[in-house]
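Participant: Fold the stuff below for me.
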Amino acid sequence: MADAPTLRTLGAADAGALAELAARPDVVRMGDHLDTLRASDWAAWIGPPERDGAPVLGAFEDGALVAAAKLEPRTRRRVAHSAKIILVASEKRRFDRAVDALLDALVDAADRWLQIVRLDLAGPAGHRRLKRYERRGFALEAIQRGAILTDGEFIDEATFGRIRPGTEPYAPPPSNLELPWPPKGPRIKA
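Facilitator: Numbers count the residues shown, from 1 in each chain. Purely as a prediction, here's the structure:
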């Protein structure tokens, strides 16, 4: 059995390795505008952890960076209890122990250290990752049709949410939630 991946906080010196990882065609970038970043932009994205209290974690196997993830807490007062997980990982290694270890570390940090109640995670819909997220308490909340442009095609984006156990603010929606579209009912005339 292979050794467990090594997790550590990424620093400015790791920006080049992160840029190389993100530029590979087999990499899925689950976050806003990550496909347009240059090496200098990655250094700013890593930034000092003091900036927002959430370092970028990297997963290394045999000394090579194979995945990176960041927990981005929201800063506006009404949503300060929530954060977004951004993940950059090779498709070939997308569901291996490195990505699992990153997700587990971020969920643990959110629950135990950062006191974050809600976590959001989004990425290409129709992926086999759905079960992995559900095992960590994430629930599918929405499918946004044609929300991501990949390889010249518009693909759907799946949005997941997780409420920290023990802080359920309301009854969770049914797992077979289907939103009516287009809306039915009387039309309002202007």
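Participant: got the residue ranges for the strands in the protein?
Facilitator: 6-9, 27-30, 56-61, 64-73, 82-90, 118-124, 139-150, 153-163 (DSSP state E).
Participant: ranking the ones you listed by mean pLDDT, which is last?
Facilitator: Mean pLDDT is lowest for strand 27-30 out of the strands of the chain, coming in at a mean of 66.
Participant: rewinding a little: please render the strands of the chain as a markdown table that adds mean neighbour count and distance to residue 108 to the earlier fields.
Facilitator: Backbone N, C-alpha and C define where each C-beta goes, glycine included. Shown next, in a markdown table, are these (neighbours: other Cβ atoms under 10 Å; distance: least, Cβ to Cβ, whole Å):
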| stretch | mean neighbour count | distance to residue 108 |
| --- | --- | --- |
| strand 6-9 | 13 | 11 |
| strand 27-30 | 20 | 19 |
| strand 56-61 | 21 | 11 |
| strand 64-73 | 21 | 10 |
| strand 82-90 | 22 | 12 |
| strand 118-124 | 20 | 11 |
| strand 139-150 | 13 | 19 |
| strand 153-163 | 17 | 12 |
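Participant: The ones you listed into TSV, with extra columns for distance to residue 38?
Facilitator: Below are the strands of the chain laid out as TSV (distance: least, Cβ to Cβ, whole Å):
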stretch	distance to residue 38
strand 6-9	22
strand 27-30	14
strand 56-61	16
strand 64-73	16
strand 82-90	14
strand 118-124	22
strand 139-150	19
strand 153-163	24
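Participant: which residue sits closest to residue 71, ignoring its sequence neighbours?
Facilitator: Using Cβ to Cβ, 6 or more residues apart in numbering and skipping residues adjacent in sequence, the residue nearest residue 71 is residue 54, 4.4 Å away.
Participant: mean confidence score for the helix ranked longest in the chain?
Facilitator: Longest helix of the chain, by residue count under DSSP state H: helix 97-108. Helix 97-108 shows an average pLDDT of 90 in the prediction.
Participant: going forward, begin numbering at 5 instead of 1
Facilitator: I'll keep to 5 as the first residue from here, and by that count the last item is helix 101-112.
Participant: Just name whatever secondary elements it is in contact with.
Facilitator: Applying 3 or more Cβ pairs under 8 Å, 6 or more residues apart in numbering; DSSP states H and E, we find helix 101-112 packed against strand 10-13, strand 60-65, strand 68-77, strand 86-94, helix 134-139.
Participant: helices or strands up against the longest one?
Facilitator: When contacts are defined as 3+ Cβ pairs under 8 Å, 6+ apart, strand 68-77 sits against helix 19-27, strand 60-65, strand 86-94, helix 101-112.
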